[in-house]
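Trainee: I'd like to go over a predicted model; first the sequence, then the structure.
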Amino acid sequence: MNKIIGIDLGTTFSAAAFMNNGRPEIIPNAEGGRLTPSVVAFTSEGRQLTGSMARTQAVANPERTVASIKRRMGTDYRVEIDGKKFSPPEISGFILRKIREDAEEFFSEKIEKAVVTVPAYFNDNQRQATIEAGARAGLEVIRIINEPTSASLAYGLHRQDVHYVLIWDLGGGTFDVSVLELGNGVFEVKAVGGDTRLGGDDWDRRIMDYLARGFEKRYGVDVRKDRTALQRLKEASEKAKKDLSITEAVDIRIPFIWKNKDLEFSLSRGQFEDLTGDLLKKMVEPTNRALADAGLAPPLINRVVLVGGSTRMPAVQRLARELLGKEPCQDLNPDEVVALGAAIQAGILAGKIKDVVLLDVTPLSLGIETEGSLFSGIIKRNTTIPVTRGLIFTTAKNNQTQVDIHVLQGERLLVSDNISLGKFELNDIPLGARGEARIEVTFRIDANGIFQVKAQDLYTETEKSIRFNSSPRLTGDEINRMIEEARIHAGEDQKRKEEIQIGIQAESMIQAARVLLEEGKDTLENADEDEIEKRILSIKTCLSRGEYQEAGAKITELKEMLEVLSATVERKKKVKAVRVS
């Protein structure tokens, strides 16, 4: 069997690893480095550069250089260079191709398969884009694995007794928090959280803005408007951030950044932390939410693991201690640990590693639209995957031969407050009264977090399914917003759901009353018919005024009346039948 390598496709740096005599090892790139910059560039002659060479020439060629493309995965974004447009999977494909080619040179054999890591909070579309990037690079992505899970594999935490681990993964462009139950060879992800728009790049940008504002105050020029100067500013800021992780202050100097003017400033660690305090606070809420979803308090967490180069910042480590009450674990290189874990997963899939089970979760609830524009969840947020789950639904109208399956993702009770993933139709349903049909809607999510929806008429076995290759473009911010809004509006949503259900009950009861009036027109007393009409009008009046509780009570009264009159009508029909016979 050809080698399967593990790849950490990162925002700023990527890395690859393989299993060597039972241990994961980093695969060096062609330049001899252990990390490959996730940068792609095109020269004026049209030559493509990837990795270190692309990063080195970025200052002189910023308009043809692309970095941090991972933040755009799963979106419609296109980067245009010399009139040609490139999608995020294309740019990521160039990076993965270099990693593959470097690995082939290292092993002197062809590499065709890989395990690729993604942030735990990547949605279906972002995962699909990652698989597409692999295909463009000539790699079959045989498994997508969440970065925090990969890191826990590298630490070997599954070999210990059962315990709880919280992992922070703060890379160049994304922040993940995962709570796992590990031990005896089992990895079970209990909950995930995070922000795919929060990473080391944001800390760099604060230094960039600080330096640019200071220079503009001195010389009246915003150097960020010049692309070459901006790139030099970015590189200096990134270096300053790294230096401030090991020293209390840095001197930053960029000669001739504008005409004959130099940029010269000093920056202390305290100033840096003041500039970025709000970014640090953004890590708190996803962490608390993940703990709440897992049903755990900080004292129950046995270990805290920090992953990603940006966790080297002292402020991040201090926050972990304050928030979680544990000294964070950083025994392995945070830039390499995810790739090492991916190599272990590759070894598991290749059958070289036994007795390890990985159980990840889905980050948002999935379901369909039901009568009254209500969202009916089928797979709940933080459900362990892979998973197959279904519910049985029915028709909302008489003689309905078709149902529209509207698939949604979110946490709110109303369809309008969730994200639409797509629609498809199930046809050829047999004629019948409303509520007679039995339609099973089944969601299947695979180990990569990619899902398929199937609808089947259980009477005729007619079915229709759809595989979601283009789900919504949800960013981490949007996912966080949806979950937070669901929490804030839970009471309001529940009230609205109850009101909608009362409306549905009213419609059903009024229809039943109409049927009884038609069937009992020869047996009902005029006074009874008038009373039914009166009660129908009373229900409609309450609904028009928004008096839902009152409407609910009147629906119950009408239901009780109809039950009595139905029995009366049925009894009179039987008596009449006996007399005729």
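Mentor: Nice, I can see it. The structure displayed is predicted, hence computed values, not measured ones.
Trainee: any low-confidence regions in the stretch 451-581 of the chain?
Mentor: Applying pLDDT under 70 to the stretch 451-581 of the chain picks out residues 467-487, 489-490, 492-493, 496, 573-581.
Trainee: Skip the chain neighbours and tell me the closest residue to residue 519.
Mentor: residue 569 (6.5 Å; C-beta to C-beta, 6 or more residues apart in numbering). The way it works is simple: take the backbone N, C-alpha and C, and place the C-beta from them, glycine included.
Trainee: Contacts only, for that neighbour.
Mentor: Going by C-beta atoms under 8 Å, 6 or more residues apart in numbering, residue 569 touches 516, 519-520, 523-524.
Trainee: I'd like to know how far it sits from residue 375.
Mentor: Relative to residue 375, residue 569 is positioned 39 Å away (C-beta to C-beta, to the nearest Å).
Trainee: Ok, residue 201 next?
Mentor: 35 Å.
Trainee: Tell me the secondary structure at residue 411.
Mentor: Going by DSSP: H, G, I helix; E, B strand; the rest coil, the secondary structure assigned to residue 411 is coil.
Trainee: now do residue 164
Mentor: Classification of residue 164 using three-state DSSP returns strand.
Trainee: How many residues are close by it?
Mentor: By other C-beta atoms under 10 Å, 17 other residues sit near residue 164.
Trainee: go on, residue 465?
Mentor: Neighbourhood size, residue 465 [other C-beta under 10 Å]: 14.
Trainee: Grab the nearest non-local neighbour of it.
Mentor: By the measure of C-beta to C-beta, 6+ apart, the closest residue to residue 465 outside its immediate chain neighbours is residue 454, 3.9 Å from it.
Trainee: now the helices: where do they sit in the stretch 201-350 of the chain?
Mentor: 227-243, 269-275, 277-281, 284-294, 314-324, 337-349 (DSSP state H, counting those that start in this stretch).
Trainee: tell me the most buried of those?
Mentor: helix 337-349 (a mean of 27; mean count of other C-beta atoms under 10 Å).
Trainee: hmm, who's touching it?
Mentor: The contact list for helix 337-349, computed with C-beta under 8 Å, 6+ apart, reads 4-8, 10, 14-19, 24-26, 113-117, 142-143, 145, 147, 149-155, 169, 307-308, 332, 353, 356, 358.
Trainee: Same check on stretch 285-303?
Mentor: 157, 163-166, 168, 175, 177-179, 190-195, 323-326, 329, 381-382, 480, 483-484.
Trainee: buried sites along stretch 457-464?
Mentor: By 16 or more other C-beta atoms under 10 Å, the buried positions in stretch 457-464 come out as 457, 464.
Trainee: Only the C-alpha atoms, please, for stretch 331-342, written as CSV.
Mentor: Presented in CSV, the C-alpha positions along stretch 331-342 are these (Å, rounded to 0.1, in the frame of the first residue of the first chain):
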residue,chain,number,x,y,z
ASP,A,331,5.3,19.7,25.5
LEU,A,332,5.2,19.3,21.7
ASN,A,333,6.0,22.0,19.1
PRO,A,334,2.6,23.8,18.7
ASP,A,335,3.4,24.4,15.0
GLU,A,336,3.9,20.7,14.3
VAL,A,337,1.6,18.8,16.7
VAL,A,338,-1.4,18.9,14.4
ALA,A,339,0.5,17.4,11.4
LEU,A,340,1.9,14.7,13.7
GLY,A,341,-1.6,13.8,14.8
ALA,A,342,-2.7,13.6,11.2
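Trainee: Could I get the average pLDDT for it?
Mentor: What stretch 331-342 shows for mean pLDDT is 88.
Trainee: what separates it from the chain centre, distance-wise?
Mentor: Put simply, stretch 331-342 sits 23 Å off its chain's centre (C-alpha atoms, centre = their mean, to the nearest Å).
Trainee: In contact with residue 96, which residues?
Mentor: 7, 9, 14, 114, 116, 133-134, 136-137, 139.
Trainee: mind redoing it with 7 Å?
Mentor: Neighbouring residues of residue 96 by C-beta atoms under 7 Å, 6 or more residues apart in numbering: 7, 9, 133-134, 137, 139.
Trainee: Just to be careful, could you list which of those residues are in strands?
Mentor: Judged by DSSP state E, these include residue 7 as members of strands.
Trainee: Need the contacts of residue 96 in TSV (columns: pLDDT and neighbour count).
Mentor: Shown next, in TSV, are the contacts of residue 96 (pLDDT from 0 to 100; neighbours: other C-beta atoms under 10 Å):
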residue	pLDDT	neighbour count
7	97	30
9	94	30
133	92	27
134	92	25
137	91	23
139	91	24
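Trainee: can you put the contacts of residue 96 in a markdown table and add distance to residue 414?
Mentor: Formatted as a markdown table, those follow (distance: C-beta to C-beta, whole Å):
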| residue | distance to residue 414 |
| --- | --- |
| 7 | 41 |
| 9 | 37 |
| 133 | 36 |
| 134 | 38 |
| 137 | 42 |
| 139 | 42 |
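Trainee: now, which of the contacts of residue 96 sits nearest residue 542?
Mentor: Nearest to residue 542 among these is residue 133, at 56.9 Å by C-beta to C-beta.
Trainee: need the contact list for the closest one.
Mentor: With C-beta under 7 Å, 6+ apart, residue 133 has these contacts: 89, 92-93, 96.
Trainee: which of these lies closest to residue 33?
Mentor: Nearest to residue 33, judged by C-beta to C-beta, of these is residue 96 at 16.5 Å.
Trainee: residues in contact with the closest residue to that closest one other than its chain neighbours?
Mentor: Residue nearest to residue 96 in three dimensions, not counting chain neighbours: residue 137, with 3.6 Å by C-beta to C-beta, 6+ apart. Going by C-beta under 7 Å, 6+ apart, residue 137 touches 93, 96-97, 100.
Trainee: how close does residue 137 sit to residue 90?
Mentor: Counting by C-beta to C-beta - residue 137 and residue 90 are separated by 10 Å.
Trainee: returning to that earlier point: now, which of the contacts of stretch 285-303 lie within strands?
Mentor: If you go by DSSP E, the contacts of stretch 285-303 have 163-166, 168, 175, 177-179, 190-195 in strands.
Trainee: Just the buried ones from the residues you listed, in ChimeraX syntax?
Mentor: Restricted to buried positions by 16+ other C-beta under 10 Å, the ChimeraX selection for these reads:
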select :164,165,166,168,175,177,178,179,190,191,192,193,194,195
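Trainee: Residue 30: which of the ones in strands among the contacts of stretch 285-303 is nearest?
Mentor: Residue 30 lies nearest to residue 175 out of the ones in strands among the contacts of stretch 285-303, by C-beta to C-beta, at 30.8 Å.
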